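Participant: structure for this input, please:
(2 chains)
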Amino acid sequence: MPVTVRIPTPLQRLTSGQGEVQCTGTSVTELLADLEKRYPGIKERLCDEQGKLRRFVNIFVNEEDIRFLQGDQTKVKDGDEVSIIPAIAGGC
Amino acid sequence: MALTKDDVARYSRQLILPEIGVQGQERLRRASVLLVGAGGLGSPAALYLAAAGVGTIGLVDREAVALSNLHRQILHDTDAVGRPKSESAKSRLSALNPTIHVLAFQEQLEPSNVVVRIAPFDVVLDGSDNFPTRYLVNDACVLANKSLVYGGAIGFGGQVLTIRPGQSACLRCVFPEPPAEGAIPSCQEAGVLGSAAGVIGTLMAHEALKLILGIGKPLTDRLLVFNGMQSRFRTVAVRRDSSCAVCGQAPSIQQPAFYDALPVCHQVC
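Facilitator: Here you go, the predicted structure:
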């Protein structure tokens, strides 16, 4: 059973409208690489040229912010739920 | 001032809640809430705050009502198209509850006015539609030690966070920097369903009411994420960042400012 990754609304156009996808990997870094393989173009929305997560996006592994875990080295395993949550300005 | 007979009739269904009662109702009447934006989030929020009897409600919005607003901005109606949103809001809220004060500010929040605008209010609700304003409001509220409820909606969902400056995570603790222009599609590109904005705006009002009444558990250090397609609510743990630029141990932001040029209303969403 792979890892469930929740895709936020603003990025769903890159995942054919899917709000939840399955990916494989043992760390957040590997997961993002797998995500990019399946949905090219998504990684540059999330990471800068150095591969660091952009600062308007947070990733949560099982509802815990990876910045307070091991960052992108945070381990993930099959069955985990990973959420990508960006800041949303929409109030209009 | 004691509750009038009309007040008792008007608020009877919430007065009988043990957590509210007459004391709670009086707290609501003495309270003041400022809504930044009288649009998709501000509309439901303002309606529920007025209905509950919040004594003073302020609304800041520079724009006029447009036809394309009406699928979600339920505070306004077709006859109001072309009128300033702040005025339209004032009319509607006063009709709903004539016993409260409604203050309409037809203006844009900027570094030059944000401090004076938020000062008299107990709680600020940020339902603005662009990142520069969101960060400006966050910073101003943190610097003024003003409780803030942040909410955002897009597509079929959204998110809510309550901020108690100095106690819980602020917007910058969670999202230290805003996205570059174009990084996140705008509302005009991605769209939003009115009811999604309704859920988020109502949750924002709900949070404000809890803060005013001093009851329940606020969404502090918890970012609530609503997935409207699956109708699922989750909260993710967030926390204060000791290196936060505005509320951290060595803050570099000492006064509110736009991080960029004047916001364009369709810049991001």
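Participant: and residue B:62, how many neighbours?
Facilitator: Residues contacting residue B:62 under the criterion other C-beta atoms under 10 Å in any protein chain shown number 15. To be clear about C-beta, it is placed using only N, CA and C from the backbone, and glycine gets the same treatment.
Participant: tell me the secondary structure for it?
Facilitator: When classified by DSSP: H, G, I helix; E, B strand; the rest coil, residue B:62 comes out as coil.
Participant: my read: it touches residue B:106, true?
Facilitator: Yes. Residue B:62 is within contact range of residue B:106, at 6.1 Å (criterion: C-beta atoms under 8 Å).
Participant: need the residues touching each of those two.
Facilitator: Here residue B:62 and residue B:106 share the contacting residues residue B:84, scored by C-beta atoms under 8 Å, 6 or more residues apart in numbering or on different chains.
Participant: who does whichever residue of the stretch 101-250 of chain B sits closest to chain A bridge with?
Facilitator: Taking C-beta to the nearest C-beta, chain A has its nearest neighbour within the stretch 101-250 of chain B at residue B:152, 3.1 Å off. Under DSSP bridges, the beta-bridge partners of residue B:152 are residue B:159.
Participant: neighbours around it, how many?
Facilitator: Quick note: residue B:152 (other C-beta under 10 Å) scores 27 neighbours.
Participant: hang on, residue B:64 packs against residue B:87?
Facilitator: No. Counting by C-beta under 8 Å, residue B:64 does not reach residue B:87; the two are 9.2 Å apart.
Participant: helix or strand: which one has residue B:139?
Facilitator: Per DSSP states H and E, residue B:139 falls inside helix B:131-143.
Participant: all strands for the chain, in order.
Facilitator: The chain I'm using is chain A. Using DSSP state E, the strands of chain A run over A:3-6, A:20-23, A:57-61, A:64-65, A:81-86.
Participant: wait, chain B was what I had in mind.
Facilitator: So, for chain B - with DSSP E - the strands run B:32-36, B:56-60, B:101-105, B:123-126, B:147-154, B:157-163, B:222-227, B:232-237.
Participant: show me what the second one is packed against.
Facilitator: The reference is to strand B:56-60. strand B:32-36, helix B:42-52, helix B:85-96, strand B:101-105 (3 or more C-beta pairs under 8 Å, 6 or more residues apart in numbering or on different chains; DSSP states H and E).
Participant: so where's chain A uncertain?
Facilitator: For chain A, the stretches with pLDDT under 70 are A:1, A:91-92.
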